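*Asks:* Any chance you could fold what I've pasted below:
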Amino acid sequence: MADDVAFGITSGRADRNGIRLPGRIVAEVDAKTLSERTYEQIRADIQSGMLAPGSKLSTIALKNKYGTSLSTVREALTQLAGNALVTQEGRKGFRVAPVSQDDLQDLIFIRKLLEGAAIARSISFGGDAWESAVVGAYHELQHVEKRLAAAIARDGEEEISRLDSIWDEKNDQFHMAVVSACESPRLLQLYRDLYEHTARYRRVTFKRAAPILRTVDEEHKNIFEAVIARNIEKAQAFSAEHLEGILSYFTK
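*Replies:* Here you go, the predicted structure:
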């Protein structure tokens, strides 16, 4: 212990293997964990629309909301600005990135190209495990869509809100499963980034209604059947049609 102190290493806690970590390393790990958690919390609130598009982001308010430090909040906002979810206005501070029809059209244009390529590669390279993952993800999504449609018919607001969150998760899982066998990490990362941005538009503007839900349900069915049939052209066409739906909902 004396040697540890002499070298400026303070006592810390044990890691998952029971090995004692120096206090300095523990502090660095804790700071990184806190920074990552703050980033994820702010990102999730932007994606859900809780932090509205174009709204000013007060670092003090965010510090108090997430129970962290000003420096951690600023670090998270700078990272989000790099991901185009936040804009930085010099000394004026930060704002949630605005939404616009032009921006969404650009996102849809690029996502069609990437998603079309990812679908083609996944259908070509995907094996039994990939196909099983797509089937499982689709069936889970379909189950939630049926429950959500029933809740909308009953006008049960609390149930709709709860199922809406589950639907978002299952919808994301289905689309990610479809492209997961593309065997291109860079393509998959670019796709995920664009998916997040278009998902924000969907969450901010897409109001649940039975006719829209039926349309989306049918679009998912078309994509699923074309993918399982390994029909690349049909899967790409149905995927593009599905993406155009996000744009039509936004402009209504």
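*Asks:* middle-most residue in this protein, spatially?
*Replies:* For the chain, Glu196 is the residue whose C-alpha lies nearest the centre (Cα atoms, centre = their mean; 4.4 Å).
*Asks:* Count the neighbours of the residue lying closest to that one once chain neighbours are set aside for me.
*Replies:* Distance criterion Cβ to Cβ, 6 or more residues apart in numbering; nearest residue to Glu196, sequence neighbours excluded, is Gln47 at 6.8 Å. Where you see a C-beta, it was placed from the backbone N, CA and C, and this is true even at glycine. Gln47 has 18 neighbours, counted by other Cβ atoms under 10 Å.
*Asks:* Just to be sure, Gln47 is in a helix?
*Replies:* Yes: with DSSP: H, G, I helix; E, B strand; the rest coil as the criterion, Gln47 is part of a helix.
*Asks:* Please shift the residue numbers so they start at 566 in all later answers.
*Replies:* Done: numbering now begins at 566, and the last item shifts to Gln612.
*Asks:* so how far is Val664 from it?
*Replies:* 12 Å (Cβ to Cβ, to the nearest Å).
*Asks:* Determine the residues that are contacts of both of these two.
*Replies:* Residues touching both Gln612 and Val664 (Cβ atoms under 8 Å, 6 or more residues apart in numbering) are Arg765.
*Asks:* So which bits of stretch 734-752 are buried?
*Replies:* By neighbour count with 16 or more other Cβ atoms under 10 Å, stretch 734-752 contains the buried residues 735-740, 742-747, 752.
*Asks:* An error on my part: the question was meant for stretch 688-702.
*Replies:* 688, 691, 695-696, 698-699, 702.
*Asks:* Please identify which of these is nearest to Ile797.
*Replies:* Closest approach between the buried residues of stretch 688-702 and Ile797, by Cβ to Cβ: Ile688, at 5.2 Å.
*Asks:* Can you name the residues that contact the closest one?
*Replies:* If you count contacts by Cβ under 8 Å, 6+ apart, then Ile688 has 792, 795-797, 800 around it.
*Asks:* So which of those residues belong to helices?
*Replies:* 792, 797, 800 (DSSP state H).
*Asks:* mind putting those in TSV, distance to Ile717 included?
*Replies:* Output for those, formatted as TSV (distance: Cβ to Cβ, whole Å):
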residue	distance to Ile717
Val792	27
Ile797	34
Ala800	28
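*Asks:* In stretch 791-801, which residues are buried?
*Replies:* Neighbour-count burial for stretch 791-801 flags 791-792, 797, 800-801 (criterion: 16+ other Cβ under 10 Å).
*Asks:* What residues does Thr637 make contact with?
*Replies:* Contacts of Thr637 (Cβ under 8 Å, 6+ apart): 596, 599-600, 603, 628.
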